[in-house]
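>>> Here is a sequence together with a model predicted from it:
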Amino acid sequence: MVARWLGIYPAITLLLLVLGPLLLGRVPTPVSALILTAILVPLTQFVVFPLVERLTGGGWVRFPVLHGRARYRTALVVWACTYPLITAVLLATLPALLGRVPLPVVTLVVTLIAVPLQSLVVLPRVMPLALGWIRGGAVRS
């Protein structure tokens, strides 16, 4: 969870510094979350997490290595879990934070809520159900 947060926090902060002025407060929060998560999940899965693993020498942090369709299917499952979670967290926190605190503080609060929920609650329940599909078979019900 800490390693995920180490990758996600700076990635979403930079992404929001670039896209935030175009999205936040201009388009509905669910649309902002859709755009941001559509960029963030592949960015973290395919670029940021491997970079975090390399920077930590691979001994402290190890992310699962998947190949082919499994890699893309995993990213899709992660996105399908991330989008509603981030949307809910943004709807709950943005009214109190946006415009009142600097953007890095907003992303700090959002990621400190969302990453543990996703890593410890949502993904451990969803991934076993999707494992068959991820590996190339049907989704387990």
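Cool, got the structure.

>>> helices and strands around the lowest-mean-pLDDT helix or strand in the chain, which ones?
Within the chain, no helix or strand scores below helix 49-55, which has a mean of 81 by mean pLDDT, DSSP states H and E. Packing partners of helix 49-55 (3 or more C-beta pairs under 8 Å, 6 or more residues apart in numbering; DSSP states H and E): helix 2-23. For every residue, glycine as well, the C-beta is placed using N, CA and C.

>>> quick one: contacts of the next helix or strand after the helix it packs on?
Where DSSP states H and E defines the elements, the next helix or strand beyond helix 2-23 is helix 29-43. Applying C-beta atoms under 8 Å, 6 or more residues apart in numbering, the external contacts of helix 29-43 come out as 8, 11-12, 15-16, 19, 23-24, 27, 75, 78-79, 82-83, 86-87, 90-91, 94.
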